[in-house]
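Participant: Take this sequence and fold it.
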Amino acid sequence: MPMDNLLWTSAEAAHAFRVGVSSIKRWTDEGELEAVKTPGGHRRYTVPALYRFASLRNLSTDRLPPVDPVVLEEELPPPADLSLYDALAIGDIVAVRRLVTPNVTRLAQRAAFFDRVVGDALREIGYRWERGELGVDEEHRASHMIAEALDRLRPSHASLNRNGPLAVLACPPGEHHELPLHILRLIFEWSGWQTELHGAHLPWTSAIRAVERVCPAIFAFTSRTASFYEDTEFSDLLRHCEKRGTRVIVGGDWARGGSGGTRRYLRFRTVRGFEKWLRTQ
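Facilitator: Residues are numbered from 1 along each chain as shown. Here you go, the predicted structure:
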């Protein structure tokens, strides 16, 4: 085994956790086990990363080198049985920040991580709120904690691509849940795009003014309601976007709605599907 200040190979990590190398590779691909890449493109693992993963999976660390307990306490993630929903329910913002951070570098992997981890938590919050198990205050607190944690992952101001194409993100009239837009903004900005976030409940007339003002390459909407494709004012927006060369995309339950208007805008049911399409633009 290597010393604690050196990088571990997949085989060494597998030996430490008493699993096969294929398990290490799968956990890495899924974003659970954080890896670094050597100049030659090989995966390597730091001891703190191995300890973090062992804590998440409740794995034995007896084959890992000892580390300073104070340092380890700062490095370790929330307890293995603490889900993102649990962290939101108890208001643990530190745990929320760690649990929404994908430990992968490829955008496709990050998008899949958001679909699985953040998506599951959002659905659980929505279900419990609808059943009366969560108050409005708790639902709002959870939404704001996730938004704050996601926004911390945005590229720094200096690293944003000021010459990239522009995407405007908003919710249609009557939709107050803007959290999915924060995930889309991350995917856009990680892909080299500029963004304007217009947030919840944007009137169609305001959306039209935004198109005329900045002429974005993409106007992205998300909503839990699936009936907007029948809205006359939405059709007006589509005509304005067509004249300006702006693509309109929709997500959320709206993307699972009826078939009307599908040739005039694109629908995406998952963040992963959207990221895959965006790479071709």
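Participant: This protein: helices as residue ranges?
Facilitator: In the chain, the helices defined using DSSP state H lie at 10-17, 21-29, 47-57, 69-75, 84-90, 93-99, 107-113, 119-130, 136-151, 179-190, 204-214, 232-244, 271-278.
Participant: What residues sit buried inside the longest one?
Facilitator: This points to helix 136-151. 138-139, 141-143, 145-147, 149-150 (16 or more other C-beta atoms under 10 Å). No exception for glycine: its C-beta is placed from N, CA and C like everyone else's.
Participant: swap in stretch 218-238?
Facilitator: Across stretch 218-238, burial judged by 16+ other C-beta under 10 Å covers 218-223, 228-229, 234, 237-238.
Participant: so what are the domain limits for this protein?
Facilitator: The chain breaks down by automatic domain parsing into domains covering 10-75, 84-151, 157-278.
Participant: Could you check the protein and say which of its helices or strands has the lowest average pLDDT?
Facilitator: Every helix and strand of the chain was ranked by mean pLDDT, DSSP states H and E. The lowest is helix 69-75, at a mean of 51.
Participant: just so I know, which of the helices of the chain lies nearest N161?
Facilitator: When these are ranked by proximity to N161, the top entry is helix 179-190, at 8.0 Å, counting by C-beta to C-beta.
Participant: Could you name the helices and strands sitting against that closest one?
Facilitator: On a contact count with 3 or more C-beta pairs under 8 Å, 6 or more residues apart in numbering; DSSP states H and E, helix 179-190 meets helix 107-113, helix 136-151, strand 166-170, strand 194-199, strand 218-223, strand 247-252, helix 271-278.
Participant: do that again at 10 Å, thanks
Facilitator: Helices and strands touching helix 179-190, by 3 or more C-beta pairs under 10 Å, 6 or more residues apart in numbering; DSSP states H and E, are helix 107-113, helix 119-130, helix 136-151, strand 166-170, strand 194-199, strand 218-223, strand 247-252, helix 271-278.
Participant: I'd like the mean pLDDT over that helix, please.
Facilitator: Averaging pLDDT along helix 179-190 gives 94.
Participant: buried ones in stretch 191-198?
Facilitator: Buried residues in stretch 191-198, counted by 16+ other C-beta under 10 Å: 191, 193-195, 197-198.
Participant: will you turn these into TSV that also has distance to V47?
Facilitator: Shown next, in TSV, are those (distance: C-beta to C-beta, whole Å):
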residue	distance to V47
S191	33
W193	37
Q194	39
T195	37
L197	39
H198	45
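Participant: Tell me the one of those nearest R52?
Facilitator: Taking C-beta to C-beta as the measure, R52 lies nearest S191 of these, at 27.3 Å.
Participant: so that closest one makes contact with L278?
Facilitator: Yes - counting by C-beta atoms under 10 Å, S191 touches L278, with 5.7 Å between them.
Participant: ok, L197 - contacts?
Facilitator: Contacts for L197 were tallied using C-beta atoms under 10 Å, 6 or more residues apart in numbering; they are 151, 167-170, 178, 181-182, 184-185, 188, 220.
Participant: next one: T280
Facilitator: When contacts are counted by C-beta under 10 Å, 6+ apart, T280 touches no other residue.
Participant: mind checking pLDDT for it?
Facilitator: Per-residue confidence (pLDDT) for T280: 91.
Participant: Just want the most central residue of the protein.
Facilitator: F114 (3.7 Å; C-alpha atoms, centre = their mean).
Participant: What about P48, how many residues nearby?
Facilitator: P48 is flanked by 16 other residues according to other C-beta atoms under 10 Å.
Participant: Distance-wise, check it relative to L7.
Facilitator: 11 Å (C-beta to C-beta, to the nearest Å).
Participant: And for I93, nearest residue in space, chain neighbours not counted?
Facilitator: Excluding its sequence neighbours, the residue lying closest to I93 (C-beta to C-beta, 6 or more residues apart in numbering) is M145, at 5.5 Å.
Participant: What pLDDT is listed against that neighbour?
Facilitator: 91.
Participant: got it, and the one 5 residues further on?
Facilitator: On pLDDT, L150 comes in at 93.
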